[in-house]
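>>> Provided below are the primary sequence and the corresponding predicted coordinates.
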Amino acid sequence: MHKRMTIAVAALFVAAACNQDPTGVSSNELVLAQNAQAIADDVAATPGAGTHLEGWLRRLVEALRNTDDPEAQACLAEARELRREAAAAFEAGDRELARQLLRDSFLKVLCAVVEVFPNAPERTGLAVDQAIERIENFLGDREAPRIRAILAHVKELRDQADAALAGGDGVTALALNLRGMQILHRLVDHVRDRHRDHNEVADSEMESVGI
C-alpha cells in the first residue's frame, strides 16, 4: 500500500514538472493574455464597429468606397488591380508572388486611407500607445514573459512608425501601427501558439481585407 502511494505521489510530481515546462506557456499567463487582449480591443473599439480588424479597417474601407478624392481613387484602382494579379499568381501556383502582391495591394488601400484621413497614422499610433500603457498597468509586477516580449516588439513597431511618419511616410507609419494593434488584438493566439513571426501573422490577417 505504502509502495503504491509512493509511486502515485511520484507520478504527480512528474506531471507537475511537465506542466511547469519552461518552454511551455502557463495557464496563468494565458489568463493574463486574455485580459490584456480585451484591454487592447477596448481601446480600439469604435461605436457600432467593433475592434480593429472587424471595425476600424472595414469601416475605413466602406468610407473609401464613396470617396471622390482623385488620388485616393487612383490608389484604390491600383489596389484592385494588384489583388487581381495576386489571384492569378495564386492560381498559377506562385504563392510567394501572390503574397507579395496582396501586401502591395494592402499598402495601396492604406495609401487611400491616408489621403482621405491624413491624421490616421497619428491616431492609430496613439491608440497603440494607450493599449500598451493600459496592459502594462494591468500586469503590474506579475510574471508574464511572453506577453512582455510581445509588448516590447509592438513598442519597436511604434518606434519604426514614428520614424516613418517623421520622414513623411504616413502609409508605412499607418501600416506599422495597424500591425501593432492587430498583434495585440490576437495576443492570446500569439502567446499560446508561440508564433515566431508576429508580423507575418498580423499582416496576413489584415491583408485579407480587400476593396
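Ah, there it is.

>>> okay, CA-based contacts and neighbour counts for the rest of this
Noted.

>>> mind checking pLDDT for residue 149?
The per-residue pLDDT reported for residue 149 equals 93.

>>> again, but for residue 189
pLDDT for residue 189: 89.

>>> any idea which element it lies in?
helix 187-193 (DSSP states H and E).

>>> Can you give me the buried ones in that helix?
Using 16 or more other Cα atoms under 10 Å as the test for burial, helix 187-193 gives 187, 188, 189, 190, 191, 192.

>>> cool, and stretch 100-113?
101-113.

>>> Contacts for the helix holding residue 189, please.
25, 30, 33, 34, 36, 37, 146, 147, 183, 195, 198 (Cα atoms under 8 Å, 6 or more residues apart in numbering).

>>> Setting the sequence-adjacent residues aside, check what's closest to the fourth one.
Leaving out its chain neighbours, the residue that sits closest to residue 34 by Cα to Cα, 6 or more residues apart in numbering is residue 188, at 5.8 Å.

>>> how close does the one you found sit to residue 114?
Taking Cα to Cα, to the nearest Å as the measure, residue 188 falls 30 Å from residue 114.

>>> follow-up on the earlier one: which one of the buried residues of helix 187-193 sits closest to residue 174?
Lowest distance from residue 174 to these (Cα to Cα) belongs to residue 187, with 19.6 Å.

>>> what packs against the host helix or strand of residue 77?
Take DSSP H and E as the rule and residue 77 turns out to sit in helix 70-91. On a contact count with 3 or more Cα pairs under 8 Å, 6 or more residues apart in numbering; DSSP states H and E, helix 70-91 meets helix 95-116.

>>> Please, a ChimeraX command that selects the buried ones among the contacts of helix 187-193?
Those of these that count as buried under 16+ other Cα under 10 Å are selected in ChimeraX with:
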select :25,30,33,34,36,37,146,147,183,198
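
>>> quick check, nearest of the contacts of helix 187-193 to residue 88?
When the contacts of helix 187-193 are compared against residue 88 (criterion: Cα to Cα), the nearest one is residue 198, at 27.1 Å.

>>> Report the contact partners of the closest one.
183, 190.

>>> how close does it get to residue 82?
24 Å.

>>> Please apply the same query to residue 113.
17 Å.

>>> mind listing what's buried in the helix holding residue 77?
For helix 70-91, by 16+ other Cα under 10 Å, it's 72-73, 75-80, 82-87, 89.

>>> How far off centre is stretch 31-47?
In terms of Cα atoms, centre = their mean, to the nearest Å, the centre of stretch 31-47 is set 12 Å apart from its chain centre.

>>> which is the next helix or strand following the helix holding residue 189?
Next along from helix 187-193, by DSSP H and E: helix 198-207.

>>> I'd like the average pLDDT over that following helix.
78.

>>> between it and helix 95-116, what angle do the directions make?
If you take axes from the mean of the first three to the mean of the last three Cα atoms, to 10 degrees, helix 198-207 sits at 70 degrees to helix 95-116.
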